[in-house]
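Novice: I'll drop the sequence and a predicted model, then ask my questions.
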Amino acid sequence: MRSPSPAVLALTLCASVAAAQRPARHWSDRDVCYEVFVRSFADANGDGVGDLRGLAAKMGYIDSLGATCIWLMPVAESPSYHGYDVSDYYKVQPAYGTADDFRAMVRTAHRHHIKVIVDMVLNHSSSEHPDFQAALRDTTSPYRHWYIFSPTDGGKGPWGAPAWHKNPYRDEYYYGIFSAEMPDLDYHNPAVRAEGEKIADYWLQQMGVDGFRLDAVQYLVEDGACLMDCPGTHAYLREYAAHIQRTAPGAYTVGEVWDPLETLLTYYPDQLTSYFTFTLSNDLLSAVHRGTVGDLLSGYLRIQQAVPDHRWAPLLRNHDDSRTVTLLGGDVGGARLAATLLLTLPGLPFVYYGEEIGMTGDKPDPRIRTPMQWTPGPAAGFTTGTPWETLQPDTATVNVTVEDTASGSMLNLYRSLIHARRASAALTDGRLTPLASGDSSVAAYLRQSTGQTVLVVVNLASAGKTVTIDGGPLAAGRYASRDLLGTGRGTIVVGPDRRLAALSLDPRSALVLELIRK
């Protein structure tokens, strides 16, 4: 008999652990997290670069949105604008402010009951990091064994890009899977592992953060010819996560793993708290773009069987992706449907700054990380100076000020969805059950927790629909319905055949209804 694959074994183990863990609650159980690029969020001193004081001043806005945690892209010192090549892990990026500014921002966030997680870049340092510079120049340096050197060019990385780079001081090469400016650290070295833990302790204990988003974790440890998702990576993540929990019990960690679900599930049950589910993002946005349900729910169902909801993190876009409105070809209605799906389906959702107002942006990367659009005025209210990056051309109409008082705006849709989610046990950790709609353009599902049932019906088509939905586990009878997005709905009838009475749906519309048995 053939042995089960590692992914299948992981799925089986995860399912048993999930069943055992579901009653336990974590502070992140009812969270929606908001990703912030500090450089682009709010500039307090007028130099054109966003900073920590600017972020602190906007914490009330994040609170009003309903987010209860923020993920900050790298805030440690770095020679690059994006910060993913760190030159000093114990120093705040000077353009953002000081360590005291950071601590003050955390205190402000905590007063708003907002947790703070920061990007932790462990896979590589900056090529300008003093330790790497010592390793390049001196073969007797103690940091020589912190990085990976070879007398020959070892060839391409796992996605076909050059991964070995010439040492400018001697005839040898060093390994950097992302670029020459980002040399990989060698986690086979106990000193490197210990330093990773020391850095975590600093940010948890001295800077007051509540956890980490770990960058590019699938590439952490190379095992011979294995360059990604290797056994050594899993072993190190177990070690690292255990250390974090000893240092700060309850700290939240979320890992970046760009893998299909089968591989992603091998990172459970005993490594980081959670991981981003990029596959689910692709499925969701593909369904909206096509206007048909397809496999929208299958991935959600699979991971729901394996892992408690707070241990996986769905999203629409992040700092590496073209923004939702741009990806959908300017289809704002589609972006609204995507937000509704994201925030009514399971998991701990992350929202990239600016998505909630429908900001646009396409590659290259700086154009999907442009300054936040606060007002229609000069520099969109981001700065009194010249923004570090040119703003998008739609700032006069797509901004917080314009959308704040417009009841049907994208911003107010996000607010309604996030606040409804946080107030609803069914939407935060309720079981997902798909319902057959008989129409390939209509997604229908229940979210059910003890004492609460929410029905979600989404018409992905550009034409109105009348559908009769299979009620699944709903008992026959009459149900009072309450629209969680703000307007009353009346009565829903489930017939003896367990089918709902016909529902009329407007084009590109959604219903989010709490059902209460009469």
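Specialist: Perfect, I can see it now.
Novice: need the strands for the stretch 101-250 of the chain, in chain order.
Specialist: Along the stretch 101-250 of the chain, counting by DSSP state E, counting those that start in this stretch, strands occupy 115-120, 149-150, 164-166, 173-175, 211-214.
Novice: quick one: strands adjacent to the fourth one?
Specialist: For strand 173-175, the paired strands and their directions (DSSP bridges) are strand 149-150 (antiparallel), strand 164-166 (antiparallel).
Novice: Ok, the longest one next?
Specialist: Using DSSP bridges, strand 115-120 pairs in its sheet with strand 69-72 (parallel), strand 211-214 (parallel).
Novice: okay, the ones you listed in a markdown table with mean pLDDT, distance to Thr139 and mean neighbour count next?
Specialist: Where you see a C-beta, it was placed from the backbone N, CA and C, and this is true even at glycine. Converted to a markdown table, those look like this (pLDDT from 0 to 100; distance: least, CB to CB, whole Å; neighbours: other CB atoms under 10 Å):
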| stretch | mean pLDDT | distance to Thr139 | mean neighbour count |
| --- | --- | --- | --- |
| strand 69-72 | 98 | 37 | 24 |
| strand 211-214 | 98 | 31 | 26 |
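Novice: Mind jotting down where the helices sit in the stretch 51-200 of the chain?
Specialist: Ranges of helices in the stretch 51-200 of the chain, per DSSP state H, counting those that start in this stretch, are 52-57, 59-65, 99-111, 130-137, 190-201.
Novice: Packed most tightly, which of these would that be?
Specialist: Across those, averaging neighbours per residue (mean count of other CB atoms under 10 Å) puts helix 52-57 on top, at a mean of 22.
Novice: Point to the residue nearest the middle of the chain.
Specialist: For the chain, the residue sitting closest to the mean C-alpha position, by CA atoms, centre = their mean, is Phe350 at 4.1 Å.
Novice: what are the bridge partners for that residue, then?
Specialist: For Phe350, the beta-bridge partners are Cys33, Leu315 (DSSP bridges).
Novice: Now name the helix or strand holding Ser437.
Specialist: Remark: Ser437 resides in no helix or strand, with elements defined by DSSP states H and E.
Novice: so which strand or helix has the residue nearest to it when sequence neighbours are not counted?
Specialist: Closest residue in space to Ser437, ignoring its immediate chain neighbours: Ala444 at 4.5 Å, by CB to CB, 6 or more residues apart in numbering. Applying DSSP H and E as the criterion places Ala444 in strand 442-449.
Novice: how far out from the middle of the chain is that strand?
Specialist: Here strand 442-449 is found 23 Å from its chain centre; the criterion is CA atoms, centre = their mean, to the nearest Å.
Novice: Give the rounded mean pLDDT of the following helix or strand past it.
Specialist: Next helix or strand after strand 442-449 toward the C-terminus (DSSP H and E): strand 452-459. If you average the pLDDT over strand 452-459, you get 97.
Novice: want to try TSV for the helices of the stretch 51-200 of the chain, with distance to Cys33 and mean pLDDT as columns?
Specialist: Compiled in TSV, the helices of the stretch 51-200 of the chain are given as follows (distance: least, CB to CB, whole Å; pLDDT from 0 to 100):
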stretch	distance to Cys33	mean pLDDT
helix 52-57	15	98
helix 59-65	10	98
helix 99-111	12	98
helix 130-137	32	98
helix 190-201	19	98
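Novice: Tabulate the ones you listed in CSV, adding columns for distance to Leu316.
Specialist: Formatted as CSV, these follow (distance: least, CB to CB, whole Å):
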stretch, distance to Leu316
helix 52-57, 22
helix 59-65, 15
helix 99-111, 23
helix 130-137, 36
helix 190-201, 29
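Novice: coming back round to it: so which of the strands paired with strand 115-120 is nearest Ser322?
Specialist: Ser322 lies closest to strand 69-72 among the strands paired with strand 115-120, at 19.3 Å (CB to CB).
Novice: now the strands for the stretch 251-400 of the chain?
Specialist: Per DSSP E, counting those that start in this stretch, the stretch 251-400 of the chain carries strands over the ranges 252-255, 274-276, 312-313, 350-352.
Novice: Mind giving me the packing neighbours of the first one?
Specialist: With contacts defined as 3 or more CB pairs under 8 Å, 6 or more residues apart in numbering; DSSP states H and E, the secondary structure elements packing on strand 252-255 are strand 115-120, strand 211-214, helix 231-247, strand 274-276.
Novice: first to last residue in stretch 434-446, what's the distance?
Specialist: Using CA to CA, to the nearest Å, the end-to-end distance of stretch 434-446 comes to 6 Å.
Novice: Show me what it is in contact with.
Specialist: 287, 291-294, 296-297, 301, 341, 345, 430-433, 453-461, 465, 467-474, 505 (CB atoms under 8 Å, 6 or more residues apart in numbering).
Novice: Now with 6 Å, please.
Specialist: Stretch 434-446 has contacts (CB atoms under 6 Å, 6 or more residues apart in numbering) with 291-293, 296-297, 432-433, 455-461, 465, 467, 469-470, 472.
Novice: Return the distance of it from the chain's centre.
Specialist: On the basis of CA atoms, centre = their mean, stretch 434-446 sits 26 Å off its chain's mean C-alpha point.
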